[in-house]
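K.L.:
Compute the structure for the input listed below.
(one chain, ligands or ions: 4)
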Amino acid sequence: TANFVSRSNKRPFTHATISHPRLSKFFLPLGSVTSAAGERESTTDLLIRAGFIRKSSAGIYSLLPLGIFVQRKLAAIIHRNMYMAGASEVSLPSLLSPTAWKTTGRWENTELYKLKDSSDAEFCLAPTHEEEITSLVSREVTSFRQLPLRLYQIGRKYRDEMRPRGGMLRGREFLMMDLYSFDTTTEAALSTYEEIKVAYRSIFDTIGIRYAVSEADSGSIGGDLSHEFHFITPVGEDTLITCDSCDYTANVEVAESYPSGEHIYDPDNVAVKYGLTTDSTLLVIYYPPDRFVNENLIKKELPLYDPSVRNPVSEFQRNGDPMLQRIIRIFDERVSEKSSLPDLPVSINIGNISTLRFPCVEVAPQSHPNELCPHCEEGTLLASRAVEVGHTFYLSTKYSAALKAHFTAEDGTKKPIQMGCYGIGVSRIISAVAEVTRDHYGLSWPVAICPFEVVIVTKPKSDKIDDLAIKLYQDLRKAGCEAVIDDRDDKSFGWKLSDSKFLGFPVSVVVGNNYLNDGRVDVECRRTGQSTICSPEQVADTVA
Ligand code: ATP
Ligand code: MG
Ligand code: MG
Ligand code: MG
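P.N.:
Ligands and ions are numbered 1, 2, ... in the order given. Got it, this is the predicted structure:
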């Protein structure tokens with residue numbers, strides 16, 4: 001037989017090269033965090049304590065091995081669906097020259113990180129890649145025969161976010177999947193748009209967290225048609241308006257109507273004044289925009305630098321009202337890092353009081369408070385907080401016209417390419433999933449993106465137990481489950497049991513004294529708490 005691929009220089013795959021993943025071998029440092037007693041630990045702190053991530057600076061995080069496993073699974077789900085959607089993977093640079101950005105008018109975007117090289121030439125760190133991909137395609141595509149085209153990447157983005165928060169929920173450096181589509185006609189572009197929405201639904205269905213798809217504002221990206229994918233969670237910064245009877249869902253930014261009352265009372269939708277009133281007090285005054293009158297000002301004093309208060313911000317949060325707690329959280333990341341007054345952006349000094357106005361929720365001009373759904377005219381509108389995890393835009397020719405990405409059509413005429421762009425917040429999803437699935441015991445990963453599906457907890461250290469752990473690992477592997485052995489011998493049995501819950505592996509298989517005494521092992525489901533005692537031979541069947 002023809003041997004087209006020589007295998008002679010490849011190392012044989014021997015037993016010795018198959019290793020059983022063991023937690024003792026991973027870089028899994030136990031994080032220490034300083035949240036105040038009695039306070040709900042933030043999900044970011046949970047992820048730090050569980051050894052998934054580490055903070056580098058405000059809005060900038062490192063992923064440790066457990067975090068990487070989650071990210072890889074997420075990426076694999078995305079790659080699979082992009083492949084099915086006929087998209088090709090590319091990798092565009094992070095360091096971009098300003099030419100195209102100046103052409104499209106986005107060089108002055110305030111979120112842009114700008115820098116200069118040694119010869120004083122300007123660059124920016126990519127916050128998104130419409131300019132770059134359109135320039136690339138404009139050089140390569142000349143004819144309708146080369147279209148349609150779908151290009152995507154999973155890469156780092158940089159945005160000088162005014163308020164980095166929630167760990168990787170709003171980072172200043174983060175991972176995004178971005179896809180760009182190129183078509184010849186509006187109809188083709190719109191049908192691409194619908195196809196990509198189907199692919200996005202498939203990605204979010206696979207992740208397995210309840211999500212909503214909403215009508216959305218196309219923001220600074222521009223364009224005509226836009227939808228957002230959201231996880232519903234109180235930590236989200238968006239407000240979704242949904243109908244309880246039909247499937248109408250819209251971001252409040254574009255909603256035709258919204259329910260009146262407390263729901264719409266958005267902590268980002270306020271003006272805040274803050275200033276140092278004495279050497280140790282931060283005065284915060286805030287008021288929602290519909291109450292821009294003095295008697296409604298709400299004043300709070302925050303003893304920022306009182307040395308007797310260990311964590312002044314948390315101290316204040318415990319005593320403050322819920323509205324203010326959210327605002328203080330906005331200051332959180334910067335306050336905790338500095339020993340002086342946080343230097344907040346966009347501040348106007350009025351003596352020693354500064355004014356900071358957060359961007360108000362842009363309620364569409366035609367919108368009005370109304371409980372009745374504008375679509376079915378039967379259902380009642382509800383508002384809920386949500387975090388944007390994906391966004392789709394039909395761009396039309398906004399970028400292709402500006403950057404001269406033209407093609408020659410079948411009839412010989414030259415036209416700008418019809419485009420769409422689509423993003424998924426990969427690192428944001430890691431934090432968001434951790435947030436919506438966490439419980440009393442700690443993290444609780446959905447099977448689709450868990451670092452390992454099964455943890456085999458062993459104790460005490462013994463050859464008999466270790467042999468069984470390896471055997472169970474192999475049985476599970478044959479059954480299609482990926483397991484890891486928790487052989488951290490310096491930890492007690494009780495500690496390991498609660499740690500397996502804390503780290504959030506979907507299933508624990510406990511091989512301990514019960515096994516040594518009478519050959520039984522324990523299989524426990526993290527989410528339901530259901531536990532089954534069985535023989536080692538039954539483990540793979542019980543789990544898979
Ligand atoms: P937001 O409204 O939350 O600021 P955006 O609308 O500015 O997000 P897009 O430009 O639509 O974000 O980017 C596509 C996706 O990238 C978003 O849907 C979100 O999931 C993710 N994303 C955007 N900004 C960040 C960030 N600072 N940190 C982490 N993920 C982000
Ligand atoms: Mg943004
Ligand atoms: Mg948005
Ligand atoms: Mg968006």
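
K.L.:
can you map out the helices along the stretch 151-300 of the chain?
P.N.:
186-207 (DSSP state H, counting those that start in this stretch).

K.L.:
Quick check: the residue of it nearest ligand 1.
P.N.:
residue 174 (3.6 Å; CB to the nearest ligand atom). In short, each C-beta sits where N, CA and C put it, glycine included.

K.L.:
can you tell me how far the nearest residue to that residue once chain neighbours are set aside sits from residue 60?
P.N.:
In this structure, residue 174 finds its nearest non-sequential neighbour in residue 427, 4.5 Å apart by CB to CB, 6 or more residues apart in numbering. Using CB to CB, to the nearest Å, residue 427 is found at 11 Å from residue 60.

K.L.:
shared neighbours, these two?
P.N.:
residue 171 (CB atoms under 8 Å, 6 or more residues apart in numbering).

K.L.:
the more surrounded of the two?
P.N.:
residue 427 (24 against 14; other CB atoms under 10 Å).

K.L.:
you'd agree the more buried one is in a strand?
P.N.:
No - assessed with DSSP: H, G, I helix; E, B strand; the rest coil, residue 427 is helix; it does not lie in a strand.

K.L.:
check contacts around it.
P.N.:
Counted by CB under 8 Å, 6+ apart, residue 427 has contacts 61, 71, 168, 171, 174, 175, 176.

K.L.:
From residue 430, how far off is the fourth one?
P.N.:
Okay, so that is residue 171. With CB to CB as the criterion, residue 171 and residue 430 are 11 Å apart.

K.L.:
before we move on, what about the first one?
P.N.:
Going from residue 61 to residue 430 by CB to CB gives 10 Å.

K.L.:
Quickly list what's touching both of those two.
P.N.:
Residues touching both residue 61 and residue 430 by CB under 8 Å, 6+ apart: residue 168.

K.L.:
contacting residues around the residue of the stretch 301-450 of the chain at minimum distance from ligand 1?
P.N.:
Closest contact between the stretch 301-450 of the chain and ligand 1, by CB to the nearest ligand atom, is at residue 425 (2.2 Å). Taking CB under 8 Å, 6+ apart, we find residue 425 in contact with 174, 175, 176, 388, 389, 390, 432.

K.L.:
ok, which pair from those residues is furthest apart?
P.N.:
Distance extremes for those: the farthest pair is 175 and 388 at 15.1 Å, using CB to CB.

K.L.:
Might one say that residue 26 is in contact with residue 69?
P.N.:
No - in this structure, residue 26 is not within contact of residue 69 by CB atoms under 8 Å, at 9.4 Å.

K.L.:
With neighbour numbers in mind, choose between these two.
P.N.:
A count of neighbours by other CB under 10 Å puts residue 69 above the other of residue 26 and residue 69, at 21 against 16.

K.L.:
Quick check: residues of the stretch 1-150 of the chain near ligand 1?
P.N.:
residue 128 (CB under 6 Å from any ligand atom).

K.L.:
So what's the residue count around the residue of the stretch 1-150 of the chain found nearest ligand 1?
P.N.:
Relative to ligand 1, the nearest point of the stretch 1-150 of the chain is residue 128 (5.7 Å; CB to the nearest ligand atom). Neighbour count of residue 128, defined by other CB under 10 Å: 19.

K.L.:
residues in contact with it?
P.N.:
157, 176, 178, 221, 421, 423.

K.L.:
Run a quick neighbour tally on the residue of the stretch 151-300 of the chain closest to ligand 1.
P.N.:
By other CB under 10 Å, the residues close to residue 174 number 23.

K.L.:
And the pLDDT at it?
P.N.:
Note for residue 174: predicted pLDDT of 98.

K.L.:
so it bridges to which residues?
P.N.:
Beta bridges link residue 174 to residue 157 when assigned by DSSP bridges.

K.L.:
correct me, but it touches residue 428?
P.N.:
Yes - under the criterion of CB under 8 Å, residue 174 makes contact with residue 428 at 6.6 Å.

K.L.:
tell me, what's touching the two both at once?
P.N.:
Joint contacts of residue 174 and residue 428 (CB under 8 Å, 6+ apart) are residue 168.

K.L.:
neighbours of the closest residue to residue 447 other than its chain neighbours, just the number please.
P.N.:
Of all residues not flanking residue 447 in the chain, residue 506 sits nearest, at 5.2 Å (CB to CB, 6+ apart). Residue 506: 20 surrounding residues under other CB under 10 Å.

K.L.:
again with residue 120
P.N.:
Neighbours around residue 120, by other CB under 10 Å: 6.
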